[in-house]
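> For reference, the sequence and a predicted model appear below.
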Amino acid sequence: MKIVVCVKHVPDATAKRSFDAADHTVDRAGVDGLLSELDEYAVEEALTIAAAGDGDGEVVVLTVGPEQALDAARKSLQMGAHAAVHVVDDAVHGSDAFGTSLVLAKAVEKIGSDTPVDIVLCGMASTDGAMGVVPAMLAERLGLPQVTFAAEVTIDGTKVTARRDGDVATETVEATMPLVLSVTDQINEPRYPSFKGIMAAKKKTVETWSLADLGVDPSEVGLAAAWTSVQEVAARPPRSHGEVVTDDGDGGRQLVEYLAGQKLI
């Protein structure tokens, strides 16, 4: 079985972000980044599925982004993935979900040119954009069925059964491989890379591709081709000090008036 896991290198949510003044894109070079936390669940599920097979399962991680995006692939390799592909090209800068899904689809097709890909695995969303639409777009571009937001996955031959937990109901969805599958953060507990895994990752294959390698025209991706754009960026306002209520016998009334004024009651 061959599984491709799409992973993303995202800015650290705890770090202060800066933006390019010209195009309002995130300055990824000026902030620490890491493998998107939600993608760790996808990597873990891919490793679990591969291990449960006949022992010849292969997990390839795929990432798109600037040079530092390779760190996301390295973390996945340390967790146990077998190989990685990094698509890096200046023309990709500013791509939205539409452009990103195109690049990912072409890369998946190239990865499967020798041995067909059985499952394309994704996290439920990225922790920076949080759109959650790339798996569906990817499935459409690849012409594959999609099973999204899976909280539990079982595989029997070529049949994939997934449990989807909604706010008011739980669904069971079935599909046949090959397919695109996205998983939630309820599906497993991602492993921590061991020292052995970290050392082994240094010897694993990492391929670097450009848009030309994928046959993607630069005019189809990037900021100019994006269907969505950021019009304005403003710094988060400083946190205000709380209001102190002095109890001179009417503290309860003051508290109620304050809560009512904030429309909290």
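Thanks, I have it. Numbers count the residues shown, from 1 in each chain.

> Could you measure from Ile3 over to Gly166?
Distance of Ile3 to Gly166, computed by CB to CB, to the nearest Å: 26 Å. All C-beta atoms are positioned from the backbone trio N, CA, C, and that covers glycine.

> between the two, who's got more neighbours?
Ile3 (26 against 9; other CB atoms under 10 Å).

> in the sheet, who's paired with the more buried one?
Val59, Ile119 (DSSP bridges).

> residues in contact with Lys75?
Leu34, Leu35, Glu40, Pro193 (CB atoms under 8 Å, 6 or more residues apart in numbering).

> wait, what's in contact with Ala105?
Counted by CB under 8 Å, 6+ apart, Ala105 has contacts Leu138, Arg141, Leu142.

> Show residues contacting the host helix or strand of the first one.
Read that as Leu138. Using DSSP states H and E, Leu138 sits in helix 134-142. Helix 134-142 has contacts (CB under 8 Å, 6+ apart) with 6, 97-98, 100-102, 104-105, 108-109, 120, 122, 126, 145-146, 148, 179-182.

> And the contacts of Lys75, which is closest to Thr170?
Glu40 (23.8 Å; CB to CB).

> What ranges does the stretch 1-150 of the chain have for its helices?
For the stretch 1-150 of the chain, applying DSSP state H, counting those that start in this stretch gives helices covering 37-52, 70-79, 97-111, 134-142.

> Enumerate the positions of the third one that are buried.
Judged by neighbour count using 16 or more other CB atoms under 10 Å, the buried positions of helix 97-111 are 97-108, 110-111.

> Can you check what angle separates it from helix 134-142?
Here helix 97-111 runs at an angle of 60 degrees relative to helix 134-142 (axes from the mean of the first three to the mean of the last three CA atoms, to 10 degrees).

> quick one on the thing from earlier: rebuild the contacts of Lys75 as a markdown table, extending it with distance to Val60.
As requested, those are exported to a markdown table (distance: CB to CB, whole Å):
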| residue | distance to Val60 |
| --- | --- |
| Leu34 | 20 |
| Leu35 | 15 |
| Glu40 | 16 |
| Pro193 | 17 |
